[in-house]
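Peer 1: predicted structure and sequence below. I'll ask about it afterward.
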Protein chains: 2
Amino acid sequence: MSNYLIKDAEELAELFKALSNPHRLKIFVNLARCCRPGQACAPNMRACVGELGNGLELAPSTVSHHLKELRRVGLIHMKRAGQHVECWADPEALARLGDFFNFAGGDVPPQLVAFTTAQQKTKGDQR
Amino acid sequence: MSNYLIKDAEELAELFKALSNPHRLKIFVNLARCCRPGQACAPNMRACVGELGNGLELAPSTVSHHLKELRRVGLIHMKRAGQHVECWADPEALARLGDFFNFAGGDVPPQLVAFTTAQQKTKGDQR
DNA sequence: TAAATAATTCGACATGTTTCGAAATGAAGA
DNA sequence: TCTTCATTTCGAAACATGTCGAATTATTTA
């Protein structure tokens, strides 16, 4: 894969990729349930790594791996608290993703203009 | 995909996976730009396969492969029109995905309750 | 200090994805 | 019909992902 020209498409695609695994998606939904826009979860509402693995039937190392990926793309935050590591969803990331799907009304958000214009200017070439 | 309810994490994850490749994402955004909620693109607004490949620097067979995947998960529709194949985004699919990110306010939409309860009932086991 | 608990890193393996080019199919026009 | 254009299918190669168990690190408790 050598010719990804559009930075924003790549970034957005990474967010979707992080949610494209059912296990990671379940983990994220459970973390995001207690988040409100612009406000992170209170410390006592955060979940630890072992807790998030319950019900998933995955090895702890695999849960850790998935959390690392969610954190890498900025969907969650993690902070050590004693023996445990607290996890919580990034409320801004949620808002960003929600905004993405509002462009259906016709307005293309600024961050998406860049990677739509490339095709706009070639429209009609083949018909 | 036969109806508009997101049944489980696996199905939702498939939608995200379809958007997790930058090329597929770009194709989808270009198709979705002209869609409004509950209203599909007019036939003269639809794009054909070759058109959608412009600017992506991908072999036609690869573009075809990506479109097939977007169609498989229900994000777009395709219809042959002469030599070309018209493509357009499914407006309901857009709405479904937009709804997903609204649960951040605290309300879990009905279709997501099913796959969050498994972890809710084990909360507290490890702390 | 030693043991116990929680989480991460590492190495390995099976599986899945992305991509291409060649060949096949479908449709329109000379 | 024969050719041309648009698209799809197929097979193969390169690369990425998901998973585990063993070993390691970090922290608390005995």
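Peer 2: Perfect, thanks for sending it. Just so it is clear, the model here is predicted, and its values are computed rather than measured.
Peer 1: do the host helix or strand of residue A:29 and chain B meet at all?
Peer 2: In this structure, residue A:29 sits in helix A:22-32 according to DSSP states H and E. Yes - Helix A:22-32 comes into contact with chain B (CB under 8 Å from any CB of the partner chain), by way of A:22, A:25-26, A:29-30, A:32. For every residue, glycine as well, the C-beta is placed using N, CA and C.
Peer 1: of those residues, just say which sits nearest to residue A:15.
Peer 2: residue A:25 (11.9 Å; CB to CB).
Peer 1: check contacts around the closest one.
Peer 2: Residues in contact with residue A:25 (CB atoms under 8 Å, 6 or more residues apart in numbering or on different chains) are A:19, B:9, B:12-13, B:16.
Peer 1: show the buried residues in those.
Peer 2: Buried members of the contacts of residue A:25, counted by 16 or more other CB atoms under 10 Å in any protein chain shown: A:19, B:9, B:12-13, B:16.
Peer 1: can you report how many residues lie near residue A:82?
Peer 2: Per other CB atoms under 10 Å in any protein chain shown, the neighbour tally for residue A:82 reads 8.
Peer 1: beta partners for residue A:77?
Peer 2: residue A:88 (DSSP bridges).
Peer 1: that one: what's it in contact with?
Peer 2: Contacts for residue A:77 (CB under 8 Å, 6+ apart) come out as A:40, A:71, A:87-90.
Peer 1: which residues of chain A fall in strands?
Peer 2: Listed in chain order, the strands of chain A (DSSP state E) span A:47-48, A:76-81, A:84-89.
Peer 1: between the last one and helix A:22-32, how many degrees?
Peer 2: The directions of strand A:84-89 and helix A:22-32 differ by 90 degrees, with axes from the mean of the first three to the mean of the last three CA atoms, to 10 degrees as the criterion.
Peer 1: so does strand A:84-89 get close to DNA strand C?
Peer 2: Yes - judged by CB under 7 Å from any atom of the strand, strand A:84-89 and DNA strand C are in contact via A:84-85.
Peer 1: list the contacts of that strand.
Peer 2: With CB under 8 Å, 6+ apart, strand A:84-89 has contacts from A:28, A:31-32, A:34-35, A:40-41, A:43, A:45-50, A:52, A:67, A:75-80, B:104, B:126-127.
Peer 1: now it: average pLDDT?
Peer 2: Mean pLDDT, computed over strand A:84-89, is 93.
Peer 1: would you tell me whether it gets close to DNA strand D?
Peer 2: No - counting by CB under 7 Å from any atom of the strand, DNA strand D is not contacted by strand A:84-89; separation bottoms out at 8.7 Å.
Peer 1: ok, now the first one?
Peer 2: No - Strand A:47-48 lies apart from DNA strand D when judged by CB under 7 Å from any atom of the strand; the minimum separation is 12.3 Å.
Peer 1: neighbouring strands - and their directions - for that strand?
Peer 2: Strand pairing (DSSP bridges) places strand A:47-48 next to strand A:84-89 (antiparallel).
Peer 1: show me the shaky parts of chain A.
Peer 2: For chain A, the stretches with pLDDT under 70 are A:1-7, A:35-40, A:102-127.
Peer 1: helices along that one, start to end?
Peer 2: A:7-18, A:22-32, A:49-53, A:60-72, A:91-100, A:110-120 (DSSP state H).
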